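Student: need a structure here:
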Amino acid sequence: MPRETSEYVVGDYWLDKRRDGKSPYWQITTYKRGSRQVVYRSTHTSLLEEAKAQIHAYVEQQRAKSRQSADEAKIIPMLVTYWQEKGRHLINAQQAETSFRFFISFLMQDEAGVNAVVSDMTPALFERFRAWRMKPHSIDLEWGGRHYQRVYAPVVGATVDRHLNDIRAATNYAEANMRIPAAPHIASLPPQYKSKQRDKVLSIETLGQIAWYCYHRPELFGFFALMLGTGVRPQAALAFRKEQYDAKFHLVDMQPDALPQTKKRNAIIPVIRPLRPVLRNWSLEPVRSRKTAWRIMPKALGISEDIQPKDIRHTVATLLYNDPTVPEREVSELLGHSGKLATTTKRYARYSPHHLKNAERALSKLWLRVSREARKLSAVQTLSTDPWHGKITVARKFQNG
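Tutor: Now for the predicted structure:
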C-alpha cells in the first residue's frame, strides 16, 4: 500500500506488506533516497502493535545517526547505534552490552524516562543510576532478540564504574561522528563507592581443584589452561584465536596486530610444553556456556564462591614475582606491565630462543604442581551430572579396603 493509505506512518517511513506477497510480516517501508523505488525492512511480526513499536525504534535509530542538539538526541537510540556500529566489535563487547542493558533498564524506571535526551545526562542522573544499581533492582527488557527479566542483587562500585566507562565511550563516539555538539561530562564514581582492590591469591590445592573440574568441562578447559600457562588477562584469553599460536617457535602473540590496542597491553609469550597441544587444537565454547559452567563450579567443588577468572592471573603473577629465579623484568614483560619494552619485544621475541626462559621454566613448574593436585583428585572423586535437573555434583569413588 502507498504511504498515503498505510495503517501507520512515522515521518518518511510507513508500515506496509510486501506487494509480491512473499512475506506475511509487516515491513518498515520508505523510498530509496533520490528515487521513488520502495525499500522494505521486515519487522518479523504480523502483529500491528508490535510493528508500530519497531518502526518507532527504527526511526529513532536513523535520527541518532544525524546531527542533533543535546535537547533532541535521545540517549537510548544513541547507545543502540553505538553498540551496532562499534560496541559489539570490541574486545570487551560483552561488558559493553551489559552496561547498556542496565542503563536502558534504569532509564525505563527513572523519572527521565525512555525519551531522555543527552541534556538529561547530568550528575544527578548518574547518581540515581549508581544508587539503583547498588541496591536490589530488576530489569524487564528486550535486547538482541532475547527477553531479560530478572531481579539482581546489589553490585559493587567497580561494576558501576565500568558501566559509566561504556556510556562515556558511546557519547564520545556520537560527538566524534558529529551527531551531537559535545559529549556530556560523565565523571567516574566517587572514591567512597569504590571497593578496595581485589588481592586474592589461590592456593595450589584450589588451582588443582579448578583444573580437575575444567578438564571435565570443554567450555572451560582451554580458557583456564591458557591463563594458567601464560598468566594472560581473562579478556585476552576469551579473544584468543588459534592463529595467534606460532607452532614453529612455540610462541603466542596475545596482542596481534589485528586486535585493537588498549591501555592494557598483552605480550608475546613462550608456550610451555604441556600447553602446546591445547593451543594446536584450540576451541572455545560460546561465552554464555562458559559463564554458566564457571558460576556453578565453586558450588560443585565446595570452594569459595567469589573466585573470579582474574584471580588465576593474579595468582600466577604473585607466584612469579616471589620466585627468586625469575627476573622482575621477565615477569613484567610476561604480564604486559613493561610499557616501553613492548616495541623491543615485537622486534626480537620471535627470533630469540631465550625469550622469557626463566618465566617459562617457572610456569612449567607451576603447571606440574597444579596437575599433580588434579591427578590426586581424579583418583578419589568423579564429576557427575543429574540427567533430570542438570545439577553437577562431585562424588567420591568407591575404594576397597
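Student: alpha carbons only for contacts and neighbour counts from here, please
Tutor: Fine.
Student: quick one: average confidence on stretch 225-232?
Tutor: For stretch 225-232, mean pLDDT rounds to 94.
Student: so what's the gap between it and the chain middle?
Tutor: 18 Å (CA atoms, centre = their mean, to the nearest Å).
Student: what comes into contact with it?
Tutor: Stretch 225-232 is contacted by residues 211, 233-234, 237, 254, 266, 269-272, 275, 278, 312-314, 316-317, 334-335, 363-364, 367 when judged by CA atoms under 8 Å, 6 or more residues apart in numbering.
Student: try 7 Å
Tutor: Applying CA atoms under 7 Å, 6 or more residues apart in numbering, the contact partners of stretch 225-232 are A237, I269, I272, L275, I312, R313, V316, A317, L335, L363, W367.
Student: cool, stretch 90-108 as well?
Tutor: For stretch 90-108, contacts defined as CA under 7 Å, 6+ apart pick out 76, 79, 87, 113-114, 129, 139-141, 163, 166, 235, 239.
Student: relative to V331, how far out is the residue nearest to H314 when sequence neighbours are not counted?
Tutor: Closest residue in space to H314, ignoring its immediate chain neighbours: V201 at 6.5 Å, by CA to CA, 6 or more residues apart in numbering. Going from V201 to V331 by CA to CA, to the nearest Å gives 17 Å.
Student: neighbour count: these two, which is higher?
Tutor: Using other CA atoms under 10 Å, the more surrounded residue of V201 and V331 is V331, with 23 against 17.
Student: what residues does that one make contact with?
Tutor: If you count contacts by CA under 7 Å, 6+ apart, V331 has them with L320, Y321, A359.
Student: okay if I get those residues as a markdown table plus distance to I55 and pLDDT?
Tutor: Compiled in a markdown table, the contacts of V331 are given as follows (distance: CA to CA, whole Å; pLDDT from 0 to 100):
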| residue | distance to I55 | pLDDT |
| --- | --- | --- |
| L320 | 57 | 95 |
| Y321 | 57 | 94 |
| A359 | 57 | 93 |
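Student: just to revisit the earlier point, in strands, which of the contacts of stretch 225-232 appear?
Tutor: I269 (DSSP state E).
Student: can you pick the most crowded of the contacts of stretch 225-232?
Tutor: Neighbour-wise, these (other CA under 10 Å) top out at I269, 28 neighbours.
Student: contacting residues for that residue?
Tutor: Neighbouring residues of I269 by CA under 7 Å, 6+ apart: T230, L251, V252, D253, L334.
Student: tell me the one among these nearest to S188.
Tutor: Distance to S188 across the contacts of I269 (CA to CA) is lowest for L334, with 29.9 Å.
Student: element containing the residue positioned nearest the centre of the chain, please.
Tutor: In the chain, the residue lying closest to the centroid (CA atoms, centre = their mean) is Q94, at 2.8 Å. Per DSSP states H and E: Q94 is located in helix 93-109.
Student: next, the buried residues of the following helix or strand past that helix.
Tutor: Counting by DSSP H and E, the next helix or strand C-terminal to helix 93-109 is helix 123-133. In terms of neighbour count (16 or more other CA atoms under 10 Å), helix 123-133 has its buried residues at F126, F129, R130, W132, R133.
Student: make CSV from the residues you listed and add pLDDT and distance to P184 to it.
Tutor: Shown next, in CSV, are the buried residues of helix 123-133 (pLDDT from 0 to 100; distance: CA to CA, whole Å):
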residue, pLDDT, distance to P184
F126, 97, 12
F129, 97, 16
R130, 96, 17
W132, 97, 21
R133, 96, 21
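Student: any idea which of the residues you listed is closest to I296?
Tutor: R133 (23.8 Å).
Student: distance of S283 relative to A236?
Tutor: From S283 over to A236 (counting by CA to CA), the distance is 15 Å.
Student: ok, which stretches of the protein are strands?
Tutor: Taking DSSP E, the strands of the chain run over residues 9-10, 13-16, 27-31, 38-42, 137-143, 146-152, 245-246, 251-253, 268-270, 381-385, 392-396.
Student: V117 versus L125, what's the distance?
Tutor: From L125 over to V117 (counting by CA to CA), the distance is 11 Å.
Student: can you list the weak-confidence ranges in this protein?
Tutor: Residues of the chain that meet the criterion pLDDT under 70 lie in 1-2, 91, 196-198, 256-266, 284-289, 338-354, 385-391, 397-401.
Student: please repeat the previous calculation with a cut-off of 50.
Tutor: Low-confidence segments of the chain (pLDDT under 50): 258-262, 341-342, 345, 347-349, 351, 388-389, 401.
Student: longest helix in it, please.
Tutor: Counting by DSSP state H, the longest helix found in the chain is helix 357-380.
Student: tell me the buried residues in it?
Tutor: 357-360, 362-364, 366-367, 370-371, 373-374, 377-378.
Student: so who does D161 touch?
Tutor: Residues near D161 by CA under 7 Å, 6+ apart: S188, L189.
Student: returning to what we had before: farthest pair within the contacts of stretch 90-108?
Tutor: By the measure CA to CA, G113 and A239 form the most distant pair in the contacts of stretch 90-108, at 35.8 Å.
Student: quick one: C214 and G208 touch, right?
Tutor: No: taking contacts as CA atoms under 7 Å, C214 lies outside contact range of G208: 9.8 Å.
Student: wait, S46 sits on P24?
Tutor: Yes: S46 lies in contact with P24 (CA under 7 Å); the separation is 6.2 Å.
Student: OK, contacts around the residue nearest to Y13 when sequence neighbours are not counted?
Tutor: Residue nearest to Y13 in three dimensions, not counting chain neighbours: T30, with 4.9 Å by CA to CA, 6+ apart. Neighbouring residues of T30 by CA under 7 Å, 6+ apart: D12, Y13, W14, V38, V39, Y40.
Student: and those, which of them are buried?
Tutor: Buried, going by 16+ other CA under 10 Å: Y13, W14, Y40, out of these.
Student: can you tell me the closest non-neighbouring residue to the last one?
Tutor: The shortest distance from Y40 to any residue other than its chain neighbours is 4.8 Å, reached at T29 (CA to CA, 6+ apart).
Student: state the number of residues packed around that neighbour.
Tutor: A count of nearby residues for T29, using other CA under 10 Å, gives 24.
Student: same check on E111?
Tutor: So E111, with other CA under 10 Å, has 11 neighbours.
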